[in-house]
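# sequence unavailable; structure follows:
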């Protein structure tokens with residue numbers, strides 16, 4: 001794909017690294033999202049944590065993992081906007097206000113594809 005973003009060098013040679021999210025903006029201005037879900041418990045296992053012992057613990061890990069991803073995305077957006085002359089605090093305020101409005105308007109009508117990847121550590 002001609003407009004594809006290259007892999008970060010820090011993960012290019014990591015065989016256990018997983019792409020978790022792809023977002024595209026089409027010429028009609030709509031976003032298209034592809035998300036890989038279900039991998040966070042496996043990621044914790046790869047880091048030496050024991051597997052989740054309950055559905056509640058698994059859900060907590062999955063939600064917590066996505067929280068980290070969303071926080072990092074928001075941080076990168078704020079840093080980019082700062083290079084465009086918009087202060088970080090203004091970007092964060094505007095983002096959260098707009099996200100709240102957008103979710104109320106269309107958040108319940110989201111469609112798209114989710115890939116379920118129950119990542120398991122490889123056995124030697």
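In hand now; what should we look at? Since the structure is predicted, the reported quantities are computational estimates derived from the model, not experimental observations. Numbering: from 1, shown residues only.
# give me the sheet partners of the longest strand seen in the chain and which way each runs.
In terms of residue count, the longest strand belonging to the chain (DSSP state E) is strand 31-37. Here strand 31-37 has these sheet partners by DSSP bridges: strand 21-25 (antiparallel), strand 113-116 (parallel).
# which positions in it come out as buried?
residue 36 (16 or more other CB atoms under 10 Å). Just so you know, the C-beta spots here come from the backbone N, C-alpha and C atoms, and that holds for glycine as well.
# check the average confidence over that strand, would you?
The predicted model gives strand 31-37 an average pLDDT of 82.
# state the next helix or strand along the chain beyond the longest helix seen in the chain.
As assigned by DSSP state H, the longest helix anywhere in the chain is helix 55-83. Tracing the chain C-terminally past helix 55-83 and defining elements by DSSP states H and E, one meets helix 88-106 next.
# just the buried positions in that following helix, please.
Buried residues in helix 88-106, counted by 16+ other CB under 10 Å: residue 91.
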